[in-house]
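**Student:** sequence plus predicted model, see below.
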Amino acid sequence: MSLASAMLAAGALPPLVHDLAICLCAAVVFAVICEYLRLPHALGFIAAGLTIGPPGLMLVSSPEDIQIMADLGIVMLLFLIGIELDFEALVRRGRALLIAGALQVPLTIGAALVLWLLIARGAGWSLSATEALYLAMACAFSSTLLVVKSLESRGRMHGIFGTLCIGLLLAQDLWALLILALQPAPSADLATLAAPLVGTAVVTLLAFEPGRRIIGGLVARFHRSPELMGLTAVGWCLVCAVVAGGLEDLTRSASSPIPLSSGAGMGAFVAGVTLASLPKAREIVHRLIGLRDFLIVFFFVSLGMAIPWPIETSHLLVAALLVALVSTMRFIVAAPLLRLGGTQRLLAAAVAAQMAQLSELGLVITYVGHDLGHVGVEVITVVVLGFVITSALMPWLDTLASRLNGNYAEVAPAEVTPAEVTP
């Protein structure tokens, strides 16, 4: 008899089940409180992690296992985004997305870096150039989790507004992969610079035809068995995520001149894209959206458990300044770039408002920077607090984006349909 069987026979549960039960119970309690206070549920999940994790009561024995569940949530999120991707709308907005996607991240980082250094000098802070750079990078990325949840709740995933938001998010993900590839070696050569882009292209080539023909055929065959259809889709998602996640190790072991990299999340997105044209694509999303929401809870709980404690007043002040800079950067960088690509002024402003929050990818970049010794725990604290603040501001950002988008409909009714501008 195995150890697990013996424990179950004795009435005991494995530690992982114990931790998951505590996380879910705490998440439900705090989510109910947030529902009563009309705050985003994500704040409740973060508060749950803060309460039961190392900063609080230390009720979770293995936070690493909860982080694995959180990573699976990100993978499933990107997979469903890929399935719901509207290629026709992307093509129609190709010029705007090409310009904004290529320039928004580097221009934001450059402008925010200058501002952080000027603010630090004026306020007399001891902020190094490296710390200022990481705070600037945090300003450049928007939250895929928060934006997608907002677009879904308001039925805007498939309109022009949603297409612009999703297109920018995907471009930001590619930039984030490039930054993560460069972090261990700031003096990287051209091969390292190209590794994420080439790696993503390789994963796409490997997955596209098998996904369309083999997996698509299986999904079509299982149309009368929703359980098998969903299971096949999840299996395909995880296979592509594993291949993409292990691409760098594989190419290094093969002594490839370019150590290709992509990332599990990007592999899952590619897997979703290969299924986007299937007649049953919407049904797949409907079957798996509950699983995604279940796993995403653990992302926010794990974030709460990772918040450094105690929090000083100075950290809160710098985090508030970070949030202000994020919002400013969206309106003075992202919106003008969309305008340059031909997007109407109010629509560009609506996209900027919708995406004026910090990103989970920005958190990952900051944590990696801490592990590499680039920044201290103070920078992590500021970025995490900034993410929490922008999560709390999401209802207000949603309202602002809805009003701007509604005004856009009145100015340019020929470019949109009523479904795309409903607040």
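**Tutor:** That came through, no problem. Computed from a predicted structure; not experimentally measured.
**Student:** out of the helices and strands in the protein, which is least certain?
**Tutor:** helix 418-421 (a mean of 39; mean pLDDT, DSSP states H and E).
**Student:** can you list the helices and strands that the helix or strand harbouring Thr366 packs against?
**Tutor:** Using DSSP states H and E, Thr366 falls within helix 360-371. Applying 3 or more CB pairs under 8 Å, 6 or more residues apart in numbering; DSSP states H and E, one finds that helix 360-371 contacts helix 129-140, helix 144-153, helix 160-182, helix 281-305, helix 377-392. Backbone N, C-alpha and C define where each C-beta goes, glycine included.
**Student:** quick one: mean pLDDT for the third one?
**Tutor:** When you say that, I think you mean helix 160-182. Across helix 160-182, pLDDT averages out at 83.
**Student:** just stretch 110-119 next, same as before
**Tutor:** On average, stretch 110-119 scores 93.
**Student:** quick revisit: to Ala244, which of the helices and strands packed on helix 360-371 lies closest?
**Tutor:** helix 160-182 (10.1 Å; CB to CB).
**Student:** what angle do the helix or strand just after the closest one and helix 160-182 make?
**Tutor:** Proceeding N to C from helix 160-182, the next assigned helix or strand is helix 190-209, under DSSP H and E. Here helix 190-209 runs at 130 degrees with respect to helix 160-182, directions being taken by axes from the mean of the first three to the mean of the last three CA atoms, to 10 degrees.
**Student:** thinking again about what came up before, if you count neighbours, what's buried in the helix holding Thr366?
**Tutor:** The neighbour-count check on helix 360-371 (16 or more other CB atoms under 10 Å) flags 360-370 as buried.
**Student:** for stretch 234-249, same thing?
**Tutor:** Buried residues in stretch 234-249 (16+ other CB under 10 Å): 234, 236-241, 243-245, 247-248.
**Student:** got JSON lines for those residues, with pLDDT and distance to Gly167 too?
**Tutor:** Converted to JSON lines, those look like this (pLDDT from 0 to 100; distance: CB to CB, whole Å):
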{"residue": "Val234", "pLDDT": "91", "distance to Gly167": "26"}
{"residue": "Trp236", "pLDDT": "90", "distance to Gly167": "24"}
{"residue": "Cys237", "pLDDT": "91", "distance to Gly167": "21"}
{"residue": "Leu238", "pLDDT": "92", "distance to Gly167": "26"}
{"residue": "Val239", "pLDDT": "90", "distance to Gly167": "26"}
{"residue": "Cys240", "pLDDT": "89", "distance to Gly167": "21"}
{"residue": "Ala241", "pLDDT": "88", "distance to Gly167": "22"}
{"residue": "Val243", "pLDDT": "87", "distance to Gly167": "25"}
{"residue": "Ala244", "pLDDT": "85", "distance to Gly167": "20"}
{"residue": "Gly245", "pLDDT": "81", "distance to Gly167": "24"}
{"residue": "Leu247", "pLDDT": "79", "distance to Gly167": "24"}
{"residue": "Glu248", "pLDDT": "71", "distance to Gly167": "26"}
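**Student:** in helices, which of those residues appear?
**Tutor:** 234, 236-241, 243-245, 247-248 (DSSP state H).
**Student:** how about the nearest residue to Pro279 once chain neighbours are set aside, what does it touch?
**Tutor:** Spatially, and ignoring its direct neighbours in sequence, Pro279 is nearest to Ala220 (7.5 Å; CB to CB, 6 or more residues apart in numbering). Counting by CB atoms under 8 Å, 6 or more residues apart in numbering, Ala220 touches 278-280.
**Student:** now Arg38
**Tutor:** Pro395.
**Student:** what's the answer for Ile166, then?
**Tutor:** Contacts of Ile166 (CB under 8 Å, 6+ apart): 81, 85, 148, 151, 157.
**Student:** tell me the spacing between it and Val28.
**Tutor:** 30 Å (CB to CB, to the nearest Å).
**Student:** angle of the strand or helix carrying Ala26 against helix 281-305?
**Tutor:** In the assignment (DSSP H and E), Ala26 maps to helix 15-37. Relative orientation of helix 15-37 versus helix 281-305 (the same axes, to 10 degrees): 100 degrees.
**Student:** remind me what whichever helix or strand comes after helix 15-37 packs against, helices and strands.
**Tutor:** The helix or strand immediately downstream of helix 15-37 is helix 41-52, counting by DSSP H and E. Helix 41-52 is packed against helix 15-37, helix 281-305, helix 377-392, with contacts defined by 3+ CB pairs under 8 Å, 6+ apart.
**Student:** so Pro279: helix, strand or coil?
**Tutor:** Under DSSP: H, G, I helix; E, B strand; the rest coil, Pro279 falls in the coil class.
**Student:** run a quick neighbour tally on it.
**Tutor:** 10 (other CB atoms under 10 Å).
**Student:** thanks a lot, catch you later.
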